[in-house]
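J.: Build me a model from this:
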Amino acid sequence: MTLPAADRPLAAPVRDAFTTPFFDAADQGRLLLRRCEACGQPHWYPRPVCPLCGSARTAWQEASGRGTVYSVTVTRHAPVPYAVAYVTLEEGPTMLTNIVDADLDSLRIGMAVTVTFKPAEDGSAIPMFRPG
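T.: Here you go, the predicted model:
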């Protein structure tokens, strides 16, 4: 059985002084993370204070956009079926995201994925992942 992923409506992201650089980069096809300048560790969800050591010395870093599926579930009984996954990025952090442009029945833990960007209702780009 195959269940192809289909595009579904995506809500516009909430932009504020802190999230605007992230979504501006996404609009340019780039995925950003925060890296702590004190402990050197990248983290997700990007926030101004490092969740690992508590330092407020964090900066944006461009991510490779490559990762592997840590966990995945397919929601089949929605108007448009979709996959939610935790993806562990090449840089180390694990992020909650969607897997798109795939046969939803073929998704597996350990699968290599690459970032792609899908348009939200306001035209903003939302980072998601696809096999590859």
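
J.: Ramachandran coordinates for the residue nearest to Val84 when sequence neighbours are not counted?
T.: Distances taken as Cβ to Cβ, 6 or more residues apart in numbering place Thr73 nearest to Val84, at 5.6 Å, with adjacent residues excluded. Where you see a C-beta, it was placed from the backbone N, CA and C, and this is true even at glycine. Main-chain dihedrals, Thr73, degrees, to the nearest 10: phi -140, psi 150.

J.: ok, how many other residues are close to Thr73?
T.: Residues contacting Thr73 under the criterion other Cβ atoms under 10 Å number 12.

J.: switch to numbering from 230
T.: Will do, 230 is the new start, and the previous item becomes Thr302.

J.: right, and it touches Ala312 too?
T.: Yes: if you go by Cβ atoms under 8 Å, Thr302 and Ala312 touch, sitting 7.0 Å apart.

J.: Now do the shared contacts for the two.
T.: When Cβ atoms under 8 Å, 6 or more residues apart in numbering defines a contact, no residue borders Thr302 and Ala312 alike.

J.: Confirm for me that Arg264 is in contact with Gln270.
T.: Yes: counting by Cβ under 8 Å, Arg264 does reach Gln270; the two are 7.0 Å apart.

J.: now that we're looking at Arg286, how far away is Arg263 from it?
T.: From Arg286 across to Arg263, the span is 11 Å (Cβ to Cβ, to the nearest Å).

J.: Phe358 now?
T.: Separation of Phe358 from Arg263 (Cβ to Cβ): 19 Å.

J.: With neighbour numbers in mind, choose between those two.
T.: Phe358 (28 against 23).

J.: Now do the phi/psi pair for that one.
T.: Torsion angles at Phe358 (phi, psi; degrees, to the nearest 10) stand at phi -130, psi 150.

J.: Contacts only, for it.
T.: Counting by Cβ under 8 Å, 6+ apart, Phe358 touches Gly296, Ala314, Val316, Thr326, Asn327, Ile328, Val329, Val342, Thr343, Val344, Thr345.
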